[in-house]
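Student: Structural data only, the sequence is not supplied:
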Ligand code: GBH
C-alpha cells in the first residue's frame, strides 16, 4: 500500500532552500520596514465619509470570490492606528509603507468631486504619528481600490483619458496635502496584477474575465497602457510642481516571479523563462524606466491586441524615465517556465508558456508556504535582483517580501513561526549576496506585512503578518519573526560598519 511517508518531495538544490541562514551583512544605511495596503487593513468601510471602492463591491456582491469574506472591519486599523504605530516602532523599523484609499480622500474619485476633510485628517494623523516615532512614511497612491463611482462612470482603467485625468487630480491632492512630510511616493502597486488578474483571470476586482463576457483579448493591455501613461503624467507633474520644494522621490512598484527553465537542456524552455519575465516585468519596466515602446517580443506576439503610443506619448515616457528614483520590487517566489507547442487560447497573455513549481526532473523549486504558488527559493530572488539591475540600473527597494505559514490561525503556532523566520533569513542573505558579490544596488527591504490582514481573493485564510491578528477580538500579538527581523537587521547592519 502507498504510505504517506513514501512521498519524498525533492527540492531543487540550486534554488537555495538547502542553504543555512548565514546572517550575511547589509549596508549600515540599509533601511527596513513593513508594508500594508488600505483595503487589507483599514476597515472603517463606512466611517469618515468614505466612498465605496470596487473592492467593497466585489467582496459583497459575490462573496464566493473572496472566501466568503469582506474587509468592512479587517484589522480595524482605521480606529487602532496609534496602537499599530506604537507596535511597529517596538520592532525598530525605519519605514512604514502604506497605501491611501482614494475613495476615503475623494469619495466619488473624480476631478470635479468633493474632497473629504475627514479622509485627509486620517492620513495626516497617521503620517504625523509615524514621524513622531521617527518612522519614514512611504506612500502608495493606488493599491487596487478604485473608487466605485469611477468604475460606474467609465469603467476605470478601460477609459485611458478619463482615468488619467482623474488620477492626476487625485495625485495632486495627495502631494499638496501630504507632500510636505512624505518623501517617497509610489504611484501604482503591481500594474501586472491590475491588468491580468483583475481584467483577464477575474480573480481580483472588478473581476473581468471571459465568463463575465468581457474582452479578455484586449482589456488587460488597455489597462496596462492606462497605468503606464497615468504614471508618467503624475511623475512629470510631481517633478515640475512639487519636487523643487518638497524634494521627495517617486516611482512605481512592479512585482514578478523569477523564472527558471522547466528543462534547462531545452533551448525553447531557456528562451521561455527569459521571455516570461519580459512579458511580466519588461511590459512596465521598459516603457516606464527605459522610456521606450513595449518590448519587441510583446509587440510581435500580441500584434494589434497591444495599444500603440503616439509620438508625444513616447516623448513623455522618454522625458520621465530618468525621473523615477528607484525600482520598487515586490517579490515572493520563483517558478519554472515551459514552452508549450499546442495552439494557445486567443487571449493568451504569456506567449504560450506554462508555469509551475516542478521541473522536468520532477524536482520542486522549493517547499510551499500556506499558499501553493509561494515557495521558498532565495536563489531565484538573487537572480531576479541581477536581472532587474542589469536591465534598468536603478537602485532597488524591496517594497514587499514575505510568506504565510501553515496553521497560523493558532496564535501559539504564529508566535513560533520558524518557517517564516527561515524564509526571511534566506531572502535577506540573497540580498546581501546581490549587493556584495554581484554589485546590485539594493537600498531597503519592507516585509509584507506588518500584520495578518485581508488577503484579497483568499480572504482571511493566508496570514502574512509579522504580527498575529485575532480577527474576532482584533488583538495583535507579535510573532517570532518580528523580533527576528529586528535583531537580524541590527546585527547585519553592524557587521558591515
Ligand atoms: C502582493 O501581490 C500584493 O501587493 C499584496 O497586497 C498581497 O497581500 C501580497 O502580495 C501577498 O499575496 O498565479 O501563481 O502567481 C502578490 C501578487 C499575484 C500573488 C497573484 C499571487 C496568484 C498566484 N499575487 N498570485 S500565481
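Tutor: Arrived safely, thanks for sending. Treat the numbers as computed from the prediction; the structure is a model and nothing was measured.

Student: Every contact and neighbour count from this point should use C-alpha atoms.
Tutor: Fine.

Student: Flag every residue of the stretch 351-497 of the chain that's near the ligand.
Tutor: 373, 455 (C-alpha under 6 Å from any ligand atom).

Student: Which residue does the stretch 351-497 of the chain have closest to the ligand?
Tutor: Closest approach between the stretch 351-497 of the chain and the ligand, counting by C-alpha to the nearest ligand atom: residue 373, at 4.7 Å.

Student: list the contacts for that residue?
Tutor: 333, 357 (C-alpha atoms under 8 Å, 6 or more residues apart in numbering).

Student: and what of residue 460?
Tutor: By C-alpha under 8 Å, 6+ apart, the contact set of residue 460 is 67, 69, 453, 454.

Student: And the furthest pair within these?
Tutor: Maximum pairwise distance among the contacts of residue 460 (C-alpha to C-alpha): 13.5 Å, between 67 and 453.

Student: more crowded one of these two?
Tutor: residue 453 (29 against 16; other C-alpha atoms under 10 Å).

Student: Correct me if wrong: that one contacts residue 41.
Tutor: Yes: here residue 453 reaches residue 41: they are 5.7 Å apart, a contact under C-alpha atoms under 8 Å.

Student: And the strands in the stretch 101-250 of the chain?
Tutor: 136-142, 184-189, 249-255 (DSSP state E, counting those that start in this stretch).

Student: From the contact counts, what lies against the first one?
Tutor: Packed against strand 136-142, as judged by 3 or more C-alpha pairs under 8 Å, 6 or more residues apart in numbering; DSSP states H and E, are the following elements: strand 95-99, helix 117-132, strand 184-189.

Student: near the ligand at all, the shortest one?
Tutor: To tie it back to what came earlier, the one meant is strand 95-99. No: Strand 95-99 stays clear of the ligand (C-alpha under 6 Å from any ligand atom), getting no nearer than 10.0 Å.

Student: Pull up the pairing partners for that strand, direction included.
Tutor: If you go by DSSP bridges, strand 95-99 pairs up with strand 31-35 (parallel), strand 136-142 (parallel).

Student: Quick check: mean pLDDT of the first one?
Tutor: Same thing as strand 31-35. In this model, strand 31-35 has a mean pLDDT of 99.

Student: Contacts for that strand, please.
Tutor: Residues contacting strand 31-35 (C-alpha under 8 Å, 6+ apart): 93-98, 399-400, 443-450, 489.

Student: where does residue 167 land on pLDDT?
Tutor: Value listed for residue 167 in the pLDDT field: 99.

Student: doesn't residue 230 make contact with it?
Tutor: Yes: when contacts are counted by C-alpha under 8 Å, residue 167 is listed as touching residue 230 (6.9 Å).

Student: And for stretch 414-429, what's in contact with it?
Tutor: Under the criterion C-alpha under 8 Å, 6+ apart, residues 16-17, 19-25, 376, 378, 381, 402-405, 407-408, 468, 477-481, 484-485 lie in contact with stretch 414-429.

Student: Quick one: buried ones out of the residues you listed?
Tutor: Buried subset of these (neighbour count, 16 or more other C-alpha atoms under 10 Å): 16-17, 21, 23-25, 376, 378, 381, 402-405, 408, 468, 477-481, 484-485.

Student: The residue lying closest to residue 407 once chain neighbours are set aside - how many residues pack around it?
Tutor: Using C-alpha to C-alpha, 6 or more residues apart in numbering and skipping residues adjacent in sequence, the residue nearest residue 407 is residue 413, 6.5 Å away. If you count neighbours by other C-alpha under 10 Å, residue 413 ends up with 16.

Student: Equivalent analysis for residue 245, please.
Tutor: Neighbour count of residue 245, defined by other C-alpha under 10 Å: 11.

Student: do the same with residue 410
Tutor: Number of residues near residue 410 (other C-alpha under 10 Å) recorded here: 11.

Student: can you check residue 412 too?
Tutor: Residue 412, neighbours per other C-alpha under 10 Å, totals 13.

Student: tell me the SS of it?
Tutor: The three-state label given to residue 412 by DSSP: H, G, I helix; E, B strand; the rest coil is helix.

Student: can you tell me how far it sits from residue 366?
Tutor: Separation of residue 412 from residue 366 (C-alpha to C-alpha, to the nearest Å): 25 Å.

Student: Over to residue 160?
Tutor: Applying C-alpha to C-alpha to residue 160 and residue 366 gives a distance of 40 Å.

Student: okay, these two: which has more neighbours?
Tutor: Neighbours were counted for residue 160 and for residue 366 using other C-alpha under 10 Å; residue 366 has more, 26 against 20.

Student: Would you mind confirming that the more buried one makes contact with residue 15?
Tutor: Yes: between residue 366 and residue 15 there is a contact under C-alpha under 8 Å: 6.9 Å.

Student: which residues are common contacts for those two?
Tutor: residue 377.

Student: Next, count neighbours for residue 216.
Tutor: Around residue 216 there are 23 residues (other C-alpha under 10 Å).

Student: residue contacts, the closest residue to it other than its chain neighbours?
Tutor: Spatial nearest neighbour of residue 216, chain neighbours left out: residue 200 (5.1 Å); criterion: C-alpha to C-alpha, 6+ apart. By C-alpha under 8 Å, 6+ apart, residue 200 lies in contact with 207, 208, 209, 210, 216, 219, 220.

Student: Most neighbours among these, which one is it?
Tutor: residue 220 (30 neighbours).

Student: now it: how far from residue 209?
Tutor: Using C-alpha to C-alpha, one gets 10 Å for the distance from residue 220 to residue 209.

Student: what residues are shared contacts of these two?
Tutor: The contact lists of residue 220 and residue 209 share 199, 200, where a contact means C-alpha under 8 Å, 6+ apart.

Student: Next, the contact list for residue 54, please.
Tutor: The contact partners of residue 54, by C-alpha under 8 Å, 6+ apart, come to 145, 146, 147, 148, 151, 205, 206.

Student: and if we set it to 7 Å?
Tutor: Neighbouring residues of residue 54 by C-alpha atoms under 7 Å, 6 or more residues apart in numbering: 145, 146, 147, 148, 205, 206.

Student: Residue 335 now?
Tutor: Taking C-alpha under 7 Å, 6+ apart, we find residue 335 in contact with 257, 258, 259, 260, 355, 356, 357, 365.

Student: Then residue 30?
Tutor: Applying C-alpha under 7 Å, 6+ apart, we find residue 30 in contact with 443, 444.

Student: go again using 10 Å as the cut-off
Tutor: Contacts for residue 30 were tallied using C-alpha atoms under 10 Å, 6 or more residues apart in numbering; they are 94, 397, 442, 443, 444, 445, 489, 492, 493.

Student: State the phi and psi torsions of the residue of the stretch 351-497 of the chain closest to the ligand.
Tutor: phi -70, psi -20 (degrees, to the nearest 10).
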